[in-house]
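K.L.:
Fold the following for me, if possible:
(chains A, B, C and D)
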Number of protein chains: 2
Amino acid sequence: MRDEMKCRVCRGPLRPPERGRPPLYCSRACQARAYRSRKNPPLPAPTAPELAGRPRQIVEAVWRIAAERGLRMATVREIAAEAGVTPRVVQYHFPGKHQLLVTALQTLHRDNDRRARDRFAALRDASDPRVLLRAVLEELLPLDDRRRTSLRVMAAYYAWSLTDPALAAVFLHAGQPLEDLVATLITAAGAPPAIDPAAEADLLVGGISGLGLDLLHRRRTRADVLRVLDHHLNRILPR
Amino acid sequence: MRDEMKCRVCRGPLRPPERGRPPLYCSRACQARAYRSRKNPPLPAPTAPELAGRPRQIVEAVWRIAAERGLRMATVREIAAEAGVTPRVVQYHFPGKHQLLVTALQTLHRDNDRRARDRFAALRDASDPRVLLRAVLEELLPLDDRRRTSLRVMAAYYAWSLTDPALAAVFLHAGQPLEDLVATLITAAGAPPAIDPAAEADLLVGGISGLGLDLLHRRRTRADVLRVLDHHLNRILPR
DNA sequence: CTTTCGTGGATACGTTCGTATCACGAGGGA
DNA sequence: TCCCTCGTGATACGAACGTATCCACGAAAG
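P.N.:
Model prediction:
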């Protein structure tokens, strides 16, 4: 029942190959038609399963390349080389490059969420809300290699997400629980009634993120950023 | 004195062409060698001349593509089509794609600077420092099509600049006069002595920029952002 | 009238991209 | 033993990329 010896598009006869793999189409034009008829981007699934093993290893290779050389250089071949596998293995575990990039962003988001939650839980019992608040905001700054990598990857993805609905959906998925958490912490830390926790939280989260981007460029120093952060913590939560 | 009928690399004989342009190399291998021996990226000039006429038109095409479809889609062919010229014309006016992208960013920076300076000069005589300060900060927000386009282009370039020294240099070139200007305005507007103008300026500029990025994603509404801005202006400059 | 020179259209070059296809080996029932 | 699936290496495909080269045309210069 195999359709050998006939072009898959026009059903015409095939020329027998002199060497190598036998041809599937009678001409480049027929092969091009078959190629074009396959380009329909399906919508990506809103959720993503937990990754482990080789898929996880490939996704982490995407992070490293995006952070060090930019998302632009994250080609399938480069990702495979960085992960120590062949391109075929990447192709086997992910239905396509776009889905791989979306999955990599989702996984990074979930990883950061989990790490922040763990740190929060570890500090929650032993510390006062002021320390907790500072820890939450510090998590946004690229103060070590892990956070610097994460922020660089996020910056690369943000630009891409402005023109890609699937990536934008990942950014918008979380809503804005971070600003709500900061506002709650400001209230819990005993801010004076003159302080508006929501407005302070909005500016703090946005401002610290922006200062973090300056830090990536070395346009500011780490001490500068931390000084600004402490100044405003002292302003919002006077001792 | 022309070296016709001989390969430009190995000086071997050329096969006469049956039709079309006569060949320059005796084989693809020789052509590949000539190609590889030409790939040395020279350092871009730190300054850029003023653009007008067709170069300006091409640079504006880069902006539109970067804003609407992403820097990733800003290929030479797309840029030429958007500018209404042939790719050859782009090639004629710019020494290469990378230099074109750098020039486009430099020109956008200078345009934004000039516009902000004009608006500042127009308001300087008739308004109090508070209105001036609000105008300066509002200029950072994507509140109309021009500013939205500009911010989207800047976001795309920022991500690219993290892995491209020539683009990073453009971002770092200005230093931080904007924060200084805001701090000066805060002082001039008569802030109470309890206010630290520099620290407020740092958080304000970073925060408003961050809120602007949220606005691009429609993660916040324009009213939200303006409410936060006015809240902090009222806090820093009580009536 | 001839000769340059700036400009740009048409097209080809080598490269690299994402993806598809084929071949094959290991493992596990029937 | 046969057959099937899973995983993977090798390689090919069409497309698009940045760039280079060949020519043609018009205006200015001689």
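K.L.:
rest of the way, CA atoms for contacts and neighbours
P.N.:
OK.
K.L.:
is the longest helix anywhere in chain A up against chain B anywhere?
P.N.:
Longest helix in chain A by number of residues (criterion: DSSP state H): helix A:97-124. No. Shown here: helix A:97-124 not in contact with chain B (CA under 8 Å from any CA of the partner chain), separated by at least 13.8 Å.
K.L.:
Tell me the residues of chain A that contact chain B?
P.N.:
A:68-70, A:72, A:152, A:155-156, A:158-160, A:162-163, A:168, A:172, A:175, A:199, A:202-211, A:216-217, A:219, A:228, A:231-232.
K.L.:
Distance from the longest helix of chain A to the middle of the chain?
P.N.:
Put simply, helix A:97-124 sits 9 Å off its chain's centre (CA atoms, centre = their mean, to the nearest Å).
K.L.:
What average pLDDT does it get?
P.N.:
For helix A:97-124, the mean pLDDT works out to 91.
K.L.:
Just the buried residues from the residues of chain A next to chain B, in PyMOL please.
P.N.:
Selection of buried members from those for PyMOL, criterion 16 or more other CA atoms under 10 Å in any protein chain shown:
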select buried, chain A and resi 69+70+152+155+156+158+159+160+162+163+168+199+202+203+204+205+206+207+208+209+210+211+216+217+219+228+232
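K.L.:
What segments of chain A are helices?
P.N.:
With DSSP H as the criterion, chain A has helices at A:28-36, A:53-69, A:76-83, A:87-93, A:97-124, A:129-138, A:145-161, A:165-173, A:177-188, A:197-216, A:222-236.
K.L.:
Determine which stretch of those is the most buried.
P.N.:
Among the helices of chain A, ranked by average contacts under mean count of other CA atoms under 10 Å in any protein chain shown, first place goes to helix A:197-216 (a mean of 23).
K.L.:
burial of A:Asp144, as a residue count?
P.N.:
Number of residues near A:Asp144 (other CA atoms under 10 Å in any protein chain shown) recorded here: 10.
K.L.:
Tell me who's in contact with it.
P.N.:
Residues counted as contacts of A:Asp144 (CA atoms under 8 Å, 6 or more residues apart in numbering or on different chains): none.
K.L.:
State the pLDDT value of it.
P.N.:
94.
K.L.:
Next, give phi and psi for it.
P.N.:
phi -140, psi 180 (degrees, to the nearest 10).
K.L.:
Okay, domains of chain A per the record?
P.N.:
Domain assignment for chain A by automatic domain parsing gives A:1-36, A:46-109, A:127-175+A:185-236.
K.L.:
now the ones you listed in CSV, with distance to B:Arg147?
P.N.:
Output for those, formatted as CSV (distance: least, CA to CA, whole Å):
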stretch, distance to B:Arg147
domain A:1-36, 38
domain A:46-109, 25
domain A:127-175+A:185-236, 15
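K.L.:
Tell me which of those domains lies nearest to DNA strand D.
P.N.:
For DNA strand D, the closest of the domains of chain A is domain A:1-36, at 3.2 Å, according to CA to the nearest atom of the strand.
K.L.:
can you give me the mean pLDDT across the closest one?
P.N.:
What domain A:1-36 shows for mean pLDDT is 50.
K.L.:
distance of the residue positioned nearest the centre of chain A from DNA strand C?
P.N.:
Nearest to the mean C-alpha position of chain A, by CA atoms, centre = their mean, lies A:Leu105 at 2.5 Å. As judged by CA to the nearest atom of the strand, to the nearest Å, A:Leu105 and DNA strand C stand 16 Å apart.
K.L.:
still on that earlier bit, pick out the shakiest of the domains of chain A, pLDDT-wise.
P.N.:
Among the domains of chain A, domain A:1-36 scores lowest, at a mean of 50.
K.L.:
List the contacts of the closest residue to chain B within chain A.
P.N.:
Closest residue of chain A to chain B, CA to the nearest CA: A:Gly207 (3.4 Å). A:Gly207 is in contact with B:Leu203, B:Leu204, B:Val205, B:Gly206, B:Gly207, B:Ile208, B:Ser209, B:Gly210, counting by CA under 8 Å, 6+ apart.
K.L.:
Go again with 7 Å.
P.N.:
Contact partners of A:Gly207, counting by CA atoms under 7 Å, 6 or more residues apart in numbering or on different chains, are B:Leu203, B:Leu204, B:Gly206, B:Gly207, B:Gly210.
K.L.:
Then A:Pro129?
P.N.:
Contacts for A:Pro129 (CA under 7 Å, 6+ apart) come out as A:Leu185, A:Ala188, A:Ala189.
K.L.:
Mind doing that once more with 10 Å?
P.N.:
Going by CA atoms under 10 Å, 6 or more residues apart in numbering or on different chains, A:Pro129 touches A:Leu123, A:Ala135, A:Thr184, A:Leu185, A:Ile186, A:Thr187, A:Ala188, A:Ala189, A:Gly190.
K.L.:
which among these gets closest to B:Arg54?
P.N.:
Closest approach between the contacts of A:Pro129 and B:Arg54, by CA to CA: A:Ala135, at 52.2 Å.
K.L.:
how about the domains of chain A, which one is nearest B:Lys97?
P.N.:
Nearest of the domains of chain A to B:Lys97, taken as CA to CA: domain A:46-109 at 15.1 Å.
K.L.:
Distance from the closest one to the middle of the chain?
P.N.:
Centroid displacement of domain A:46-109 relative to its chain, using CA atoms, centre = their mean, is 10 Å.
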